[in-house]
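Undergrad: How does the following fold in three dimensions:
(one chain, ligands or ions: 2)
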Amino acid sequence: TTKATTVKLREMKQEGKKIVMLTAYDFPTARVAEEGGADMILVGDSLGMVVLGYETTLPVTMEDIIHHTKAVTRGSKSTMIVADLPFLSYHISTPETVRNAGRLIQEGGADAVKIEGGREVIEGVEAIVRAGIPVVGHLGLQPQMVNQLGGFKVQGKDYESALRIFEDALMLQAAGCCAIVLECIPTPLTKLISEHLDIPTIGIGAGDTADGQVLVIHDMLGITDRYMPRFAKKYSELFQEMTTAVNNYATEVRDSLFPTAQHSFKMNEDVLERLKS
Ligand code: KIV
Ligand code: NA
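TA: Ligands and ions are numbered 1, 2, ... in the order given. Here you go, the predicted model:
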């Protein structure tokens, strides 16, 4: 398969082909996402919660994202890779925003960057796009705003907030975004926005009316014993399976059932005899 591009994403929307996106944070998850057939991989700042064990995405740094993006690019050579701009990497100034977006491409090896926000990030988006870097927008629930939102809640349910998200989507498209992630908004709002945009929408907790879907890979594989959001569907129960495997290993070691000859190495008798003498 050939790597998706910004042009390909638009074509997929025009042809009504759903875009499949999945997060990945390291070499093995990137291998799984690519071999499983994802069109796009997101090195999301959900990394902070899913892989690093933080309560929110706020502690994630540029260095964290670059480090993990490098591992992901080694694992997936033919999938479009989008890396998240972490908290505070695009809030200080436009030059700093472009510099940080550039680092995700140049040092991390990503193909595109994702930025949370609407009208307040337009200037930054335009500057990044001017540098030749594809940008994916992110509207609705913006996890980096969790302290201002007062929790991870559905957004855009009332007229004012729905209109704001709708307007922001149009502004992000005008600013040059190649796609927009819509997180945790009502399905009819996703439909309205998707119908009015030429660029694809990629939903998470945004219903079946988006042009594509994204899930956190640890959630969909069930590699977690933490709370899972309602919108995350488990396609596997790997945490349970992995815990059982560790348990079996522990039992076999304690009962001297592992290792067996199959997992061990032999030595010639005469060498052993010489060692003993
Ligand atoms: O960080 C992330 O995983 C994301 C997706 C939930 C869209 O931003
Ligand atoms: Na994110």
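Undergrad: residue ranges of the strands in the stretch 151-277 of the chain, please?
TA: For the stretch 151-277 of the chain, the strands defined by DSSP state E, counting those that start in this stretch cover 179-183, 201-204, 212-215.
Undergrad: Could you say which one of the ones you listed comes nearest to ligand 2?
TA: When the strands of the stretch 151-277 of the chain are compared by Cβ to the ion, strand 179-183 sits nearest ligand 2, at 8.0 Å. The C-beta positions use only the backbone N, C-alpha and C, and glycine is treated the same way.
Undergrad: about what we covered before: export the strands of the stretch 151-277 of the chain as a markdown table, with columns for distance to ligand 1.
TA: Shown next, in a markdown table, are the strands of the stretch 151-277 of the chain (distance: least, Cβ to the nearest ligand atom, whole Å):
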| stretch | distance to ligand 1 |
| --- | --- |
| strand 179-183 | 5 |
| strand 201-204 | 5 |
| strand 212-215 | 5 |
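Undergrad: export the ones you listed to TSV and tack on mean pLDDT, mean neighbour count and distance to residue 2?
TA: Shown next, in TSV, are the strands of the stretch 151-277 of the chain (pLDDT from 0 to 100; neighbours: other Cβ atoms under 10 Å; distance: least, Cβ to Cβ, whole Å):
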stretch	mean pLDDT	mean neighbour count	distance to residue 2
strand 179-183	98	28	18
strand 201-204	98	28	19
strand 212-215	98	23	17
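Undergrad: which stretches of this structure aren't confidently modelled?
TA: For the chain, residues meeting the criterion pLDDT under 70 lie at 1.
Undergrad: residues from it in reach of ligand 1?
TA: 23, 42, 44, 45, 46, 84, 181, 183, 204, 214, 216 (Cβ under 6 Å from any ligand atom).
Undergrad: wouldn't the last one be in contact with residue 48 here?
TA: Right, residue 216. No. The pair residue 216 / residue 48 is not scored as a contact, 11.6 Å apart, by Cβ atoms under 8 Å.
Undergrad: Secondary structure class of residue 57, three-state.
TA: coil (DSSP: H, G, I helix; E, B strand; the rest coil).
Undergrad: ok, it - how many residues close by?
TA: Residue 57: 22 surrounding residues under other Cβ atoms under 10 Å.
Undergrad: Just give me how far stretch 43-60 sits from the chain centre.
TA: Centroid separation between stretch 43-60 and its chain, computed with Cα atoms, centre = their mean, to the nearest Å, is 11 Å.
Undergrad: Return that stretch as CSV; C-alpha atoms alone will do.
TA: The C-alpha coordinates for stretch 43-60 follow below in CSV (Å, rounded to 0.1, in the frame of the first residue of the first chain):
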residue,chain,number,x,y,z
VAL,A,43,1.3,9.6,18.0
GLY,A,44,-1.2,11.2,20.3
ASP,A,45,-0.3,13.0,23.5
SER,A,46,-2.7,10.4,25.0
LEU,A,47,0.7,8.8,25.3
GLY,A,48,0.9,10.6,28.7
MET,A,49,-2.1,8.7,30.1
VAL,A,50,-1.9,5.4,28.2
VAL,A,51,1.8,4.7,28.3
LEU,A,52,3.4,7.0,30.9
GLY,A,53,0.6,6.7,33.5
TYR,A,54,-0.2,10.4,34.0
GLU,A,55,-3.8,11.4,34.9
THR,A,56,-4.0,13.9,32.0
THR,A,57,-2.1,14.8,28.8
LEU,A,58,-0.7,18.0,30.3
PRO,A,59,2.7,16.7,31.5
VAL,A,60,3.6,15.4,28.1
